[in-house]
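Trainee: need the 3D shape of this:
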Amino acid sequence: MAGQALTDDFERARELFLEGVAHFEAQQLQAAEKAFAASLQKLPGRVSTRINLAATRLRLGRASEALAELEAVLDAEPQHLDAWGHRAAALAELGRMGESLDCTERVLAADPGHAAAWLQRGIALERLRRFDEARAAYDRLLALQPQHAEAWFRLGQLQQRQGRLSEALASLDKALSLAPAHAAGWTQRGSLLKDMGRTQEAAAAFGRAIELGADDELNHFFLAALGAGRSPAAAPRAYVQALFDDYADGFDQHLLDVLGYQAHRQLVTPLAGLQAEPFDSALDLGCGTGLCGPLLRPIVRHLEGIDLSQPMLDQAAARGVYDRLLQADLAQHLRDTPARHDLVVAADVFIYVGDLDEVFSGVRRVLLPGGVFCFSVEQSADDRPVALTAQLRYAHSLAYLEGLAGRHGLRLLRSAAEPIRRDRTQTIPGLYLYLGG
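Mentor: Model (predicted):
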């Protein structure tokens with residue numbers, strides 16, 4: 001009887017495992033997780049099931065849980081290459097790129113033809129901004145598997161980042177010829193065609209991405225930047241967060257050396273002339289890597305910064321000038337925080353926020369009587385109060401900002417029209433406003 005029960009458990013575990021695989025391949029991830037977990041209840045510790053459960057949880061965005069499952073597998077079977085490969089992916093999702101690369105090296109030392117390890121190696125190297133090495137990893141994978149759609153897609157993304165637009169288009173077209181229903185591939189193709197100035201084709205690509213189930217908010221944002229549809233009140237939060245998470249390591253060098261950015265200095269320098277005494281408490285909205293921090297520190301007693309991107313905040317923390325740093329959405333923070341400040345600063349932040357009414361309302365809430373709110377914006381090129389540009393940034397008019405200030409009980413103390421940065425050969429005009437509470 002006991003033997004029959006074991007046989008029955010094995011057969012049921014096998015059925016559940018195969019159900020999980022079918023659900024996983026159909027992108028029914030929650031059903032797949034449920035099936036794999038049930039299979040493990042019938043047959044605990046089965047390595048193939050645990051690896052598939054980890055892969056499913058990784059796809060569900062639960063990298064920490066996936067990593068725990070993989071660690072258990074590797075404790076039992078330290079040489080299991082697929083477990084090391086999935087561990088590399090989980091570590092990359094958790095931002096632990098160096099450890100991820102170590103895992104891929106271990107796999108490739110044992111099996112130089114391991115396609116998944118080459119793909120993950122390329123992804124990790126790209127996130128570390130080691131672009132030439134990343135390209136070599138993708139090239140090696142494509143030499144092994146020329147029909148690997150994901151590798152062509154990743155290579156196209158990388159080539160676009162490097163400004164090799166014609167090569168990027170060829171790679172993305174190859175990826176989409178192999179996987180025509182790859183929604184993210186159509187979004188990427190639209191982004192690339194937008195950068196190439198082929199706006200009608202870009203709009204068609206974004207439309208195709210929406211049809212295939214890609215992120216609706218993101219693709220409509222891209223379409224709005226092309227003039228096809230109404231501009232949203234702000235850039236999608238996930239877009240902004242992903243942009244700066246990826247950008248954090250090379251942010252300062254690119255912004256200062258390549259784009260000639262000086263808005264942080266132009267914004268902060270005049271503050272010393274507005275008030276003889278140091279400010280008691282300052283809030284740096286969208287502080288990023290903390291470029292404003294060293295400039296603010298001599299004129300404030302307490303300095304806080306908030307940003308959506310944790311990697312950017314990590315860079316800001318390394319400067320050692322902030323008393324408190326918090327990962328938060330700025331409008332939500334201004335609405336909910338109990339803290340009050342006599343200085344609120346926003347340097348080049350509102351390029352990702354079109355409608356500033358909620359922000360002004362929140363600043364008015366946290367700003368102490370007699371306090372100062374200063375910020376920079378890109379200046380709109382026409383009479384529109386707010387304009388979403390083809391570069392996916394918002395520009396604002398002086399009349400719009402002055403009107404907002406008046407409606408929220410803020411006095412105009414000072415304004416200046418000065419450049420923000422360069423964009424290729426073009427100088428981007430900016431506005432710098434100082435409002436009193």
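
Trainee: can you find the helix or strand in this protein with the smallest mean pLDDT?
Mentor: In the chain, the helix or strand scored least confidently by mean pLDDT, DSSP states H and E is helix 251-253, which has a mean of 58.

Trainee: helices and strands around the next helix or strand after it, which ones?
Mentor: Of the helices and strands lying after helix 251-253 in sequence (DSSP states H and E), the nearest is helix 263-268. Judged by 3 or more CB pairs under 8 Å, 6 or more residues apart in numbering; DSSP states H and E, helix 263-268 is in contact with helix 293-296, strand 367-379, strand 411-423, strand 426-436. C-beta here means a position set from N, CA and C on the backbone, and glycine is covered the same way.

Trainee: try it again with 6 Å
Mentor: Helix 263-268 sits against strand 367-379, with contacts defined as 3 or more CB pairs under 6 Å, 6 or more residues apart in numbering; DSSP states H and E.

Trainee: the strand it packs on: which residues count as buried?
Mentor: 367, 371-379 (16 or more other CB atoms under 10 Å).

Trainee: elements contacting that strand?
Mentor: Under the contact criterion of 3+ CB pairs under 6 Å, 6+ apart, strand 367-379 touches helix 263-268, strand 341-346, strand 426-436.

Trainee: and if we set it to 7 Å?
Mentor: Packing partners of strand 367-379 (3 or more CB pairs under 7 Å, 6 or more residues apart in numbering; DSSP states H and E): helix 263-268, strand 341-346, strand 394-396, strand 411-423, strand 426-436.

Trainee: pull out the buried residues from the lengthiest helix in the chain.
Mentor: If you go by DSSP state H, the chain has its longest helix at helix 2-25. Within helix 2-25, the residues scored as buried using 16+ other CB under 10 Å are 13, 16-17, 19-21, 23-24.

Trainee: what does it contact?
Mentor: For helix 2-25, contacts defined as CB atoms under 7 Å, 6 or more residues apart in numbering pick out 31-32, 35-36, 38-39, 42-43, 46, 49, 52, 56.

Trainee: now do stretch 269-285
Mentor: The contact list for stretch 269-285 (CB under 7 Å, 6+ apart) reads 292-293, 296, 299-306, 330, 341-346, 349, 366, 372, 374, 413-414, 434.

Trainee: roughly how far is that stretch from the heart of the chain?
Mentor: Counting by CA atoms, centre = their mean, to the nearest Å, stretch 269-285 is centred 31 Å from the centre of its parent chain.

Trainee: same question, stretch 45-61
Mentor: Centroid separation for stretch 45-61 versus its chain: 25 Å, with CA atoms, centre = their mean.

Trainee: got the contact list for it?
Mentor: 13, 17, 20-21, 24, 29, 32-33, 36-37, 39-40, 65-66, 69-70, 72-73, 76-77, 80, 82-83, 86, 89-90, 93.

Trainee: next one: the residue nearest the centre of the chain from M312, what distance?
Mentor: The centroid of the chain falls nearest to A242 when counting by CA atoms, centre = their mean (0.3 Å). Distance of A242 to M312, computed by CB to CB, to the nearest Å: 12 Å.

Trainee: H333: what's it in contact with?
Mentor: Contacts for H333 (CB under 7 Å, 6+ apart) come out as I306.

Trainee: distance to A209 and mean pLDDT added to the helices and strands packed on strand 367-379, as CSV?
Mentor: What follows is these, written out as CSV (distance: least, CB to CB, whole Å; pLDDT from 0 to 100):
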stretch, distance to A209, mean pLDDT
helix 263-268, 33, 88
strand 341-346, 32, 97
strand 394-396, 22, 95
strand 411-423, 25, 87
strand 426-436, 28, 91
